[in-house]
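Undergrad: below are the sequence and a predicted model for it; my questions follow.
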Amino acid sequence: MIKSKKDIKKFTSSENSTIAEVLKILDQNRSGICLILSKTNKKVIGILTDGDVRRLLLKGKSLSTCINSYINKKFIFSYIGKTKIEYNIILEKNDISQLPVLDKQKKLIGIFLRKPPKIKDLGNPIIIIAGGLGTRMGKLTKKIPKPMLNVKGKPLIENEILRFRNFGFKKIYISVNYLSEKIMNYFKNGEEWKLNISYIKETKKLGTAGPLSLINKNDFKKDFIVTNGDLISNIDYKELLKFHKRRKNDVTLCVRNHIQKIDYGIINMNKKYLNIIDEKPKINYLINSGIYVFKKKILNSLVYNKKIDMNNFINLLSNKGYKIGCYFLFEQVLDIGNRTQYKHIK
């Protein structure tokens, strides 16, 4: 059980905190929960989970929004004095991973965490799109594909493959084209990584969604994740899949917030607005992160071996009436799009 004041601070925030401050706590403890304390007597008055925060952000709440009105005041906890076995029973019975332990005044004494289960094969295929030319990287990708550039002592793509493995994804498909032998000779069949790695071999440029048309649909039994080969992330992919299934989406897009500052006064002559000039506004956008979850049936909407980019494919699915949802990311996602970004992360 976590007891030290230093460690407990990683799980707590005040009732007058902002969403941004709660996100910082969630990022620190990586357990998906933030305990909210009263600012007057430091009693635990409720919780916010990462799922709660994602929903707030998707509803358009800003990072500066105070959380006071959104605290879950009905939460599971235990009083001090129980055994480890009793704490574990409460965790298992309620299917939770964190149990706040309080004294009789409801002040936080510690946090009992469920031990992570042994990693099992989830059965959901992973498809990594890694066939691009990487032209924005200049000379760096003249003799090596961008996904094989060195990051933290390993090829960029290997860092993400290892994260998938740690979550229990054992079946990896890599879409290859440009300098494909560099990737295939390195990973081979994946045995060295205790994975089953196959390759989707493009004979021409198929864009970011076209390679999915080459998949043997009979090999897919479950929903699958698609990600770009030039990303490094801290996403909890199991939580992403749970969200996708819970919402009964056909497609789930991982999105993140992007704030763009306009350096000029924006003119709006619409009479319903009080102000004609909005000086140097900041505009919030939800942007695509390059990570997706799909149901198997969407593969029927692709034309075999025909080029199509992911944005056009998603729009096509939307026009066909497929249910498309968004999963808000506050976790770090690094898109190695150019030489400057690569130097920054390397």
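TA: Received the coordinates, thanks.
Undergrad: which residue packs closest to Asn311, ignoring adjacent ones?
TA: Asn288 (7.4 Å; C-beta to C-beta, 6 or more residues apart in numbering). Every residue, glycine included, has its C-beta placed from N, CA and C.
Undergrad: what average pLDDT does stretch 290-305 get?
TA: Taken as a whole, stretch 290-305 carries a mean pLDDT of 96.
Undergrad: same question, stretch 155-173
TA: For stretch 155-173, the mean per-residue pLDDT is 93.
Undergrad: cool, stretch 263-282 as well?
TA: pLDDT averaged over stretch 263-282 equals 72, rounded to a whole number.
Undergrad: end to end on it, go ahead and measure it.
TA: 9 Å (C-alpha to C-alpha, to the nearest Å).
Undergrad: now do the helices in the stretch 151-300 of the chain.
TA: For the stretch 151-300 of the chain, the helices defined by DSSP state H, counting those that start in this stretch cover 156-167, 180-187, 237-246.
Undergrad: same for the shortest one, what does it pack against?
TA: With contacts defined as 3 or more C-beta pairs under 8 Å, 6 or more residues apart in numbering; DSSP states H and E, the packing partners of helix 180-187 are helix 156-167, strand 171-176, strand 196-201.
Undergrad: switch the cut-off to 7 Å
TA: Using 3 or more C-beta pairs under 7 Å, 6 or more residues apart in numbering; DSSP states H and E as the contact criterion, the neighbours of helix 180-187 among helices and strands are strand 171-176, strand 196-201.
Undergrad: so which of those strands is nearest Ala209?
TA: With distances scored as C-beta to C-beta, the stretch of those nearest to Ala209 is strand 171-176 (10.0 Å).
Undergrad: pick the most deeply packed of the helices and strands packed on helix 180-187.
TA: For the helices and strands packed on helix 180-187, the stretch with the most neighbours on average is strand 171-176, a mean of 23; neighbours defined as mean count of other C-beta atoms under 10 Å.
Undergrad: quick revisit: so can I have CSV of the helices of the stretch 151-300 of the chain showing mean neighbour count and distance to Gly51?
TA: Shown next, in CSV, are the helices of the stretch 151-300 of the chain (neighbours: other C-beta atoms under 10 Å; distance: least, C-beta to C-beta, whole Å):
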stretch, mean neighbour count, distance to Gly51
helix 156-167, 19, 17
helix 180-187, 16, 34
helix 237-246, 17, 7
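Undergrad: between those helices, which one is closest to Ile25.
TA: Of all the helices of the stretch 151-300 of the chain, it is helix 237-246 that lies closest to Ile25, at 16.8 Å by C-beta to C-beta.
Undergrad: picking up where we left off before, can I assume the residue nearest to Asn311 is in contact with Leu253?
TA: Yes - between Asn288 and Leu253 a contact is recorded at 6.3 Å, counting by C-beta atoms under 7 Å.
Undergrad: so between these two, which is more surrounded?
TA: Residue environment comparison for Asn288 versus Leu253 gives the larger neighbour count to Leu253, 19 against 15, counting by other C-beta atoms under 10 Å.
Undergrad: for the nearest residue to the more buried one once chain neighbours are set aside, list the residues it contacts.
TA: Once its chain neighbours are removed from consideration, Leu253 has its nearest residue in Cys326; the separation is 5.2 Å (C-beta to C-beta, 6+ apart). Contacts here follow C-beta atoms under 7 Å, 6 or more residues apart in numbering; on that basis Cys326 touches 58, 253, 255, 286.
Undergrad: next structured bit after the helix or strand harbouring Cys326?
TA: Cys326 is part of strand 324-328, with elements assigned from DSSP states H and E. Secondary structure here is assigned by DSSP H and E; on that basis, the next helix or strand after strand 324-328 toward the C-terminus is strand 333-335.
Undergrad: right, I'll call it a day here.
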